[in-house]
Structures are given as C-alpha cells and as structure tokens.
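**Student:** fold the following, please.
(one chain, ligands or ions: 2)
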Amino acid sequence: MRHIPSPIATASWGQKIRTTTGNRMIQSKLPHVGTTIFTTMSALANECGAINLSQGFPDFDAPGGLREALARHVMAGHNQYAPMAGVMHLREQISAQIRQYRKISCDPDTEITVVPGATEGIFCAVMACVRPGDEVIMFDPCYDSYQPCVELAGGRAIHVPLTAGTFALDRDRLEAALTPRTRLIMVNSPHNPSGSTLTREDLLYLQALVERLDLLVISDEVYEHLVFDEAVHHSALEFPGLRARSFTLFSFGKTFSVTGWKTGYCVAPPALTAELRKVHQFVCFVAVTPVQLAVADFMRDEPGYPATLAAFYQRKRDLFCQALAPSRFTLAPSAGTYFQLLDYSAISREPDSVLCEQWARAHGVASIPISVFYESPPQQHYLRFCFAKSDAVLTAAAERLCRI
Ligand code: PMP
Ligand code: GLN
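**Tutor:** Ligands and ions are numbered 1, 2, ... in the order given. Prediction:
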C-alpha cells in the first residue's frame, strides 16, 4: 500500500525542512537581479499619478469579438487542462496565419507549441539547449529576461552592443565575441527597446554564421506585425538554414492587445520542439484553455486583423512624435514595436535612471531608462516611451514633455 502521510506527519516534515533551511544561508542564484524595471516604473506611475508610458501594454481594449469568444468558452465549460502542446484548433490557426503572412508551412503537430507567454517560451528554449559553461550571445540593449534564463541554465551571457545610434547589428563585434563555447545566439526583431529591425542581409549573414559554427538561435519576434514606413519584418522562419536551428517566439499579447492573457507560441523544427516541450511540461505544462480557444476562433474569423496593426500603430507613433515637435527632445527612428526612444541630451546629462524617476514625479510622465538593458551602458541619453495608448493620453503626455 502506498504511504499517504498524515497531516501531522506532513507538518513535522515541513518543520524539519524549515529548520534545515534556517541553518543554511540561501545563496541567490540570481544575485544581481531585482524587481523588473517594468514593474518598478508602473508602480511609480501609479504612486505619483503619472501618465504611464513605461511598461509596454495598450491602454485600450482588445477586439470585442475576441473578448466575447473568451466569455463564451468560459461559460461553455472549457475550463480544464488543454493538451500539453496547445489546443489543436489554435495550432492549426497559427499554422494558417504563418502560411498567410510568411508563405511558409509549419506542422501544427510537431513544430508549433502554445506557451503561456513568450517569456515562458524563451525560458523553456534556453533551458532546453544551454548547459553549464555554454556561452550565449545577446545584443545590448537586450530584453531583461534573457540573461537570467541563461544564468539559471548554468550558461554565461555574452553581451554584444548594437551599433550606437542606429541599434543595428554590428558584425565585427559579434564575431569578436564568438568562442568555441558559444552555443546560442538570441536575437530580437523588431527590437525592444530601440524599435530597430534586422534586415534581410542581417538574417542571411546570421544563417551563414550559425550553419558554419553549428549554433542555435532564439528569435524573439513578439512585435512581428508592428513595423512601420518601409520596414519589413523578416522572420527567422523565412530562412531555411536559420529555421532549422531556431526557436522562434511570438506573443498574442502584442498582436491582439491582450498582454494580460499571457499566451504565445514557439515555432521550432521537430527535434527542437520535442526538447522545448520536455521543459515546458514541467514549467507551466499548458497555457490557459479558454484563452487558447478564444484566440483560435478570432484568428479563424478575422484572419486580416494582424495586417491592420502596422498602420494603426504607425499613426499613433506619428501623432506622438508630431506632438513632441516643439519639445527639446530628439526623436530616434522607430521602425517597429510600440516604443519610441527620445534623446534628452539637449535637456540634461543626468543618467536616464535618475531622470525617469524625477520626471515621472515632477512632470507626470513615466518612461523606461534603457541603460538597464545593457551590461555596460554607453554614454547616451535615451528614455523609452510606449505609444500603445489612446490619442488623448499620447497628446496629454506630449504636452507635459514639451514643458521640460
Ligand atoms: N520579448 C520581448 C522583446 C518583449 O518585449 C516581451 C514583452 N512583452 C516579451 C518577450 C514577453 O512576451 P509575453 O508577454 O508574451 O511573455
Ligand atoms: N515587454 C514589456 C515592455 O517591454 C513588459 C513586460 C513585463 O512587464 N514583463 O515594456
């Protein structure tokens, strides 16, 4: 007979654990990590009543049809575990969308995994392929979750700065950072926080590099549909040699304005997908069932929706930038994402992390300092502003910024 511990036995066992822990210092596995800048700045904005252009999320609601679909699926009783790799209806819609937008076939069964947010997908991809001692290249400024994932896997994050001013890939610096221990390269395009995009030539170059050196890639493409002007999003999936070595991550939070639903997906070749799922099943196991069903229905019913996003956000970017024309800020180019960098060097030479707090309190607009996304922040003076906001909020924020 299996031994089922009684509540008393469990309690004393629990106590023993507590005693043991109490005698031993907990050694942080992430000693340099605090609360994320997004949480910190949103909390500050709330505390001082500032307009919150810091953390990236829309202040407007998701499409009505999508929200109704979620309510419908919850009320219809679709509230238990989904299959581990994701509801097949959703994986089929994802495959159809990739075919529609990228002209590429992906097998929903062996190449697509639904994940509870790109953050979880990135974590699982890193855990699946990085071993102690491996080096992982990431480009600064880089998204805050990358380095902790690598460190938790026992790997070493190697930071390669993007070109100052343009935030383009710097091939010489990348090549100088490669060693026989390099295992993985993490790229993000369209790029948070700069809004730059990788060109077709960049991806062809990366493809040749990873094939030659037998490397893996994590391609974070959560802003894939948010590209402006002449910029085109090039996915790692479009380059067969790159695709064969890549985990490519997407987020419904961005595409459907539901960051709080924390659902996205990872596309990877079958062998990489199998390894990703081995980790995913023990991290979250599954993404939320009714959310998956709602997103799948919406993708089936409104296949053209993602194509509307570029014009929608470009208009918001332009509205925000035009309203800032009389200000003392200089606008950096934003080819994609829903972020705009403002260069404040004509106003102040204070560090960005000092100014963003000061200005949230004194001028009522919260932003993100980009130095926190660097291993060694260069001499530059940028703050990041999120323009996924209503026109009235963007105008009010710009008015306040013009007074600085
Ligand atoms: N990568 C980048 C570059 C991001 O900006 C974000 C945040 N939104 C994520 C990944 C995480 O996406 P999700 O909310 O789906 O976890
Ligand atoms: N990705 C969002 C941003 O860049 C924030 C996500 C988060 O708060 N973790 O602002």
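**Student:** low-confidence ranges in the stretch 151-300 of the chain?
**Tutor:** Within the stretch 151-300 of the chain, no range satisfies pLDDT under 70.
**Student:** how far away is the residue in it positioned nearest to ligand 1 from Ala118?
**Tutor:** Residue nearest to ligand 1 within the stretch 151-300 of the chain: Ser251 (3.3 Å; CB to the nearest ligand atom). Quick note: C-beta positions are derived from backbone N, CA and C, even for glycine. Distance from Ser251 to Ala118, counting by CB to CB, to the nearest Å: 4 Å.
**Student:** quick one: common contacting residues for these two?
**Tutor:** 222, 264 (CB atoms under 8 Å, 6 or more residues apart in numbering).
**Student:** which residues in this protein form strands?
**Tutor:** 51-52, 112-115, 135-140, 156-161, 182-188, 216-220, 246-251, 264-267, 330-331, 339-343, 365-366, 368-369, 382-386 (DSSP state E).
**Student:** possible to save these as JSON lines with mean neighbour count?
**Tutor:** Formatted as JSON lines, the strands of the chain follow (neighbours: other CB atoms under 10 Å):
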{"stretch": "strand 51-52", "mean neighbour count": "22"}
{"stretch": "strand 112-115", "mean neighbour count": "28"}
{"stretch": "strand 135-140", "mean neighbour count": "23"}
{"stretch": "strand 156-161", "mean neighbour count": "19"}
{"stretch": "strand 182-188", "mean neighbour count": "23"}
{"stretch": "strand 216-220", "mean neighbour count": "26"}
{"stretch": "strand 246-251", "mean neighbour count": "27"}
{"stretch": "strand 264-267", "mean neighbour count": "27"}
{"stretch": "strand 330-331", "mean neighbour count": "16"}
{"stretch": "strand 339-343", "mean neighbour count": "23"}
{"stretch": "strand 365-366", "mean neighbour count": "27"}
{"stretch": "strand 368-369", "mean neighbour count": "25"}
{"stretch": "strand 382-386", "mean neighbour count": "27"}
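**Student:** nearest to His32, out of those strands?
**Tutor:** His32 lies closest, by CB to CB, to one member of the strands of the chain: strand 156-161, at 10.8 Å.
**Student:** now the closest one and strand 182-188, what's the angle there?
**Tutor:** Angle between the axes of strand 156-161 and strand 182-188 is 50 degrees (criterion: axes from the mean of the first three to the mean of the last three CA atoms, to 10 degrees).
**Student:** so how many other residues sit close to Ile26?
**Tutor:** For Ile26, the neighbour count with other CB atoms under 10 Å is 7.
**Student:** closest point of the stretch 301-404 of the chain to ligand 1, which residue?
**Tutor:** When scored by CB to the nearest ligand atom, the stretch 301-404 of the chain has Thr337 as its residue closest to ligand 1, at 7.5 Å.
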